[in-house]
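**Q** Need coordinates for the below:
(one chain, ligands or ions: 1)
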Amino acid sequence: MQPPETMDETLQALRRSLDQMARWGCRGFDCSEQALAVLARWSHQSTAAASHKAPAADKGPTAETLEAVRTDLGDCTRCRLSEHRTRLVFGEGAAQADLVFVGEGPGGDEDRSGRPFVGPAGQLLTKIIESMHLTRDQVYIGNIVKCRPPGNRLPEADEIGACLPFLTRQISAIQPKVVCALGACAAQTLLDTGTPISRLRGRFHDANGLKVMPTFHPSYLLRHPEHKRAVWEDMKKIMALLRIPL
Ligand code: SF4
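**A** Model (predicted):
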């Protein structure tokens, strides 16, 4: 096997080794989920810095792949959400999407199907994507946690801490130009803030080199359709960034 050549490759290899050693029960040094999350953050920063140097039309190779992330995730039992799930919802879409949508976690329909955003809120998200002259196949859709919280409650901090490194790695593999955070949980997690979604939405934020546009969650729009206009304004900003004509 070739030794790692770049910082990102080195971090990926280190994280995989620590993750494996943690599963073997190794003790005596820090191979906790928190340490893996730090490595994932360094890796993302390294990848983001590299992608900023690359021409926009060619994202360039990345040491990370969605397949490797899925393999490492396995039949995950890293948090208690595994106990109640029917199916783990990894995420789906284009492996090199310019736009990634991130929600909070799977609901009942997603838990049964293993696919993200397929229930009523998902159908509204599909309409939003199509309004942007895109298809679901052209974007990537994932969640902060990959297993359904019981009763559709919000994911708790330790559950997010266990699952987020995998989403971070997915985003590192995809190298999108922008991430659209759907709802307060996704936006506050990605931006590491407690600021309400109503004050976060409507403008791009920088998250360690990642451009993030927070907006309202489609399930919130189903209950409050009067906010659809605000979401469309946010989508128009993303379209402008991606140079998609209205
Ligand atoms: S929510 Fe994430 S960390 Fe928790 S069991 Fe599911 S895949 Fe694993």
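**Q** Those residues of the chain touching the ligand, which are they?
**A** The chain comes close to the ligand at residues 73, 76-79, 81-82, 88, 145-147, 159, 162-163, as judged by Cβ under 6 Å from any ligand atom. C-betas here are computed from N, CA, C, even on glycine.
**Q** So Phe166 is in contact with Ile144, correct?
**A** No: with contact defined as Cβ atoms under 8 Å, Phe166 does not reach Ile144; the gap is 10.1 Å.
**Q** just the residues of the chain next to the ligand now: which is nearest Gly202?
**A** Val145 (25.4 Å; Cβ to Cβ).
**Q** unless I'm mixing things up, that closest one is touching Leu81, no?
**A** Yes: if you go by Cβ under 8 Å, Val145 and Leu81 touch, sitting 6.1 Å apart.
**Q** which neighbours do these two share?
**A** Shared contacts of Val145 and Leu81 (Cβ atoms under 8 Å, 6 or more residues apart in numbering): 105, 155, 159, 163.
**Q** can I get these in JSON lines with distance to Ala68 and pLDDT?
**A** Listed next are the shared contacts of Val145 and Leu81 as JSON lines, based on distance: Cβ to Cβ, whole Å; pLDDT from 0 to 100:
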{"residue": "Gly105", "distance to Ala68": "23", "pLDDT": "98"}
{"residue": "Pro155", "distance to Ala68": "24", "pLDDT": "98"}
{"residue": "Glu159", "distance to Ala68": "23", "pLDDT": "98"}
{"residue": "Cys163", "distance to Ala68": "17", "pLDDT": "98"}
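**Q** can you tell me which of these are in helices?
**A** Those of the shared contacts of Val145 and Leu81 mapping onto helices are 159, 163, per DSSP state H.
**Q** how about the nearest residue to the spatially most central residue of the chain, chain neighbours excluded?
**A** Geometric centre of the chain, nearest residue: Leu167, 4.3 Å, by Cα atoms, centre = their mean. Nearest non-adjacent residue to Leu167, counting by Cβ to Cβ, 6 or more residues apart in numbering: Gly142, 5.9 Å away.
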